[in-house]
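Visitor: Compute the structure for the input listed below.
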Amino acid sequence: MQFNDSCPISKQTESIAETIQDLNTRIRSLEIKLTYLNPDSSEKKTLATEIGEIKKLVSAHENNLKQLRKNNRTSFIFCALLIFLIFLIYCTYVLIYGY
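Guide: Reported below is the predicted structural model:
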């Protein structure tokens, strides 16, 4: 899944989290089919292959989500430090020059 760079990080993380949840639901349903419906060997092989492919996709999405959250955390820390620095400069100005 490719995302537009102009899309906010929060929307990207929500979208990826929903995709992961949908894929995990799909994995559970395939595992239930594999366990309880007793498919023949060719169907078992097809289901097992599909489960493996979906698990790889979930892993890739989880890594992408982890990276997006790291970027979001970095941006937040930068903003917080910038606000603190501005507040510190203001306090120093008030202490030196008064109101």
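
Visitor: Now the element after the worst-scoring helix or strand of the chain on mean pLDDT, going C-ward?
Guide: Every helix and strand of the chain was ranked by mean pLDDT, DSSP states H and E. The lowest is helix 9-36, at a mean of 91. Proceeding N to C from helix 9-36, the next assigned helix or strand is helix 41-97, under DSSP states H and E.

Visitor: Spatially central residue for the protein, please.
Guide: L65 (2.3 Å; C-alpha atoms, centre = their mean).

Visitor: and the residue nearest to it when sequence neighbours are not counted, how many residues sit next to it?
Guide: Nearest non-adjacent residue to L65, counting by C-beta to C-beta, 6 or more residues apart in numbering: I16, 4.7 Å away. (C-beta placed from N, C-alpha, C; glycine too.) By the measure other C-beta atoms under 10 Å, the count of residues near I16 is 20.

Visitor: again with N71
Guide: Each residue near N71 was counted by other C-beta under 10 Å, and the total is 13.

Visitor: Same check on T49?
Guide: 10.

Visitor: Likewise for T35?
Guide: Neighbour tally, T35, other C-beta under 10 Å: 10.

Visitor: What separation do you get for it and K44?
Guide: 10 Å (C-beta to C-beta, to the nearest Å).

Visitor: the inter-axis angle of the least confident helix or strand of the chain versus helix 41-97?
Guide: Here the directions of helix 9-36 and helix 41-97 differ by 160 degrees (axes from the mean of the first three to the mean of the last three C-alpha atoms, to 10 degrees).

Visitor: helices or strands next to helix 9-36 in the packing?
Guide: Helix 9-36 sits against helix 41-97, with contacts defined as 3 or more C-beta pairs under 8 Å, 6 or more residues apart in numbering; DSSP states H and E.

Visitor: from the chain's centre, how far out does the helix it packs on sit?
Guide: 7 Å (C-alpha atoms, centre = their mean, to the nearest Å).

Visitor: Name the residues of the least confident helix or strand of the chain that come out as buried.
Guide: Q12, T13, S15, I16, T19, I20, L23, I27, L30, L34 (16 or more other C-beta atoms under 10 Å).
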